[in-house]
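1. one predicted model, sequence on top.
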Amino acid sequence: MPRPNLDRELEAATVALNACLYAEDTGLAVDPQAYVAPTAALDALYGELLAAGDRDYRSFAIEARAEAHRLPHDHAVVAAFDTHTPSATLSVAGQPFSWRTWKAYERASADSADALQAGFDHMLAQSEHLIPALSARAAQLRADYGPHALTPVHIFAAREGLTVEALAAFLRHQGETGRPAFQAALDRLSRQVFARPAGPAELRALYLNLMYAPAAPLFDAADAVTSTLAAFSRIGFDLSAVPVDIEDRPLKYPGAFCFPVQVPGDVRVSVRTATAHHLVDMLYHEFGHAVHFSGIDAERSFLDRYWILSGTHETFSTLFECLLSEPRFLAEQFNFGGAALNQLLSFAAFKRLLTGAWLAAAALTVHDAWLEALPWPAVEQRFAAHMLAFTGVPLPPAFARLEPFTAALSIYPAGYVLGEVRVAHWLSHLRSLGGEAWWQSPAAQADIRARVA
């Protein structure tokens, strides 16, 4: 049994570390020493939890302590990217091409197959320099989990009520059964954006980047945050207390994220805008996270409030993101109909298929890496094999170093795939409560709030 006040000490150290991580991810200046005290405190506190032998806390403590130990290695990976990826010959908007400007370069190079391929090839070549940092991080993770005869995959599967074999079968099923539809949707979108079929460079450029280009003219970035907050308020979820950072800083994470610095009292959203459609799509996804984290019952234990795996919180974000694939919501919120409506429904279908292909491949690779103790070269080969099987695109094995979840041996992407399937079932239930416009139904809203809490 953990000693009294341990939860309070864990939360204080966690919040202090989270504040540093949020500032870093939004591109703000962070004192390099700011991590030292909270990380050391968490290491000691989780060690105390493990020594106490409490069964409820054991897996949580193993996982959380490993995350604390991993932080210096994450910084080493980022430093390796910053050191080795800038190009002396490629540039975008007057800046050297690097991993931080890769997405902007892809948008600027969409019309040139040669330029797009040159950026892709440069990143592949430079990724060789990442291997020492990636390998050191993997070794640290294995050292933390090994003595407990557990892996992150075992913990994830158990928390989801699955065996590791069932998790693998689920991911493989999603990837293989979705492949024909994904390939057809990928070909249509690639021809629309690039006027050519998709190869590895095109698929990488579409992923969470140029896939937003065709529908970008339909949206207005200027009032996106205000109008999205108003839409959430109208359907019963007031997020006015959640700060939203949309500033563009050189070191800011190039996508979007919701960061629960303290659950449920301090939840923040950050977006680095690529196009207006990207901004709106990300806001609905990240505000779904914000509804969840800020709505969790504050009286629950530290364990209940902070040990939430991706299969749970990606379900909430996916649910609210699905509003952008509801014809009636799109008509009411944006006055879309006709061709615009069809375009957005086609985009939503592509995005769901992309989750079942790319992220299932990444998750299954990580599953295999942990269960089979694969050395890094074998991880690369396995990722290429799964991506080919699920997408039909022959990605070079070295690309595994540039796929964030795979490179980190993180099972997190399995949560996105689970979230898509769960939301499909949940929507049927919400419609039974509230009809076609379920988001307007007090009964459906109450169902969501109860699950959030």
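-> Right, received. Where do you want to start? Numbering: from 1, shown residues only.
2. quick one: low-confidence ranges for the stretch 1-150 of the chain?
-> Across the stretch 1-150 of the chain, the ranges flagged by pLDDT under 70 are 1.
3. quick one: the strands in it?
-> For the stretch 1-150 of the chain, the strands defined by DSSP state E, counting those that start in this stretch occupy 91-92, 95-96.
4. out of the ones you listed, which is closest to N18?
-> Distance to N18, taken as C-beta to C-beta, is lowest for strand 95-96 among these, at 30.2 Å. C-beta: built from backbone N, CA, C; applies to glycine.
5. report the strands that pair with that closest one, each with its relative direction.
-> Sheet pairing for strand 95-96, assigned by DSSP bridges, gives strand 91-92 (antiparallel).
6. what's the offset of stretch 409-427 from the middle of its chain?
-> Here the centre of stretch 409-427 is set off from its chain's centre by 11 Å, with C-alpha atoms, centre = their mean, to the nearest Å.
7. most neighbours per residue, which of the strands of the stretch 1-150 of the chain?
-> strand 91-92 (a mean of 18; mean count of other C-beta atoms under 10 Å).
8. who's in contact with it?
-> Strand 91-92 is contacted by residues 97, 101, 104-105, 108-109 when judged by C-beta atoms under 8 Å, 6 or more residues apart in numbering.
9. between those residues, which sits nearest R449?
-> Once C-beta to C-beta is applied, the member of those that ends up nearest R449 is A104, at 39.2 Å.
10. roughly how far apart are the nearest residue in space to that closest one that is not next to it in sequence and S98?
-> What sits nearest to A104 in space, not counting adjacent residues and going by C-beta to C-beta, 6 or more residues apart in numbering, is V92, at 5.0 Å. Counting by C-beta to C-beta, to the nearest Å, the gap from V92 to S98 is 9 Å.
11. surely A157 meets L167?
-> Yes - at 4.6 Å, A157 and L167 qualify as touching, with contact defined as C-beta atoms under 8 Å.
12. neighbour count winner among these two?
-> Shown here are A157 and L167; by other C-beta atoms under 10 Å, L167 has more neighbours (25 against 22).
13. following the host helix or strand of that one, which helix or strand shows up next?
-> Of the helices and strands defined by DSSP states H and E, L167 is found in helix 164-194. Downstream of helix 164-194, the next assigned helix or strand under DSSP H and E is helix 200-206.
14. report the mean per-residue pLDDT for that next one.
-> For helix 200-206, mean pLDDT is 98.
15. remind me what it packs against, helices and strands.
-> helix 113-126, helix 164-194 (3 or more C-beta pairs under 8 Å, 6 or more residues apart in numbering; DSSP states H and E).
16. would you turn those helices into JSON lines with distance to G295?
-> Formatted as JSON lines, the helices and strands packed on helix 200-206 follow (distance: least, C-beta to C-beta, whole Å):
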{"stretch": "helix 113-126", "distance to G295": "39"}
{"stretch": "helix 164-194", "distance to G295": "28"}
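17. quick one: closest of these to N5.
-> Closest to N5 of the helices and strands packed on helix 200-206 is helix 164-194 (C-beta to C-beta; 35.7 Å).
18. report the buried residues of that closest one.
-> Residues of helix 164-194 classed as buried by neighbour count (16 or more other C-beta atoms under 10 Å): 164, 167-168, 170-172, 174-175, 178-179, 182-183, 185-186, 189-190, 193-194.
19. and for stretch 334-344?
-> 334, 336, 340, 343-344.
20. can I get it in PDB, CA atoms only?
-> C-alpha atoms of stretch 334-344 as PDB (Å, rounded to 0.1, in the frame of the first residue of the first chain):
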ATOM      1  CA  PHE A 334     -20.100  25.800 -41.900                       C
ATOM      2  CA  ASN A 335     -23.000  26.000 -44.400                       C
ATOM      3  CA  PHE A 336     -21.400  23.300 -46.500                       C
ATOM      4  CA  GLY A 337     -23.300  21.300 -49.100                       C
ATOM      5  CA  GLY A 338     -22.900  19.900 -52.500                       C
ATOM      6  CA  ALA A 339     -19.300  19.500 -53.800                       C
ATOM      7  CA  ALA A 340     -17.800  20.900 -50.600                       C
ATOM      8  CA  LEU A 341     -19.700  18.400 -48.400                       C
ATOM      9  CA  ASN A 342     -18.700  15.500 -50.600                       C
ATOM     10  CA  GLN A 343     -15.100  16.600 -50.600                       C
ATOM     11  CA  LEU A 344     -15.000  16.700 -46.800                       C
END
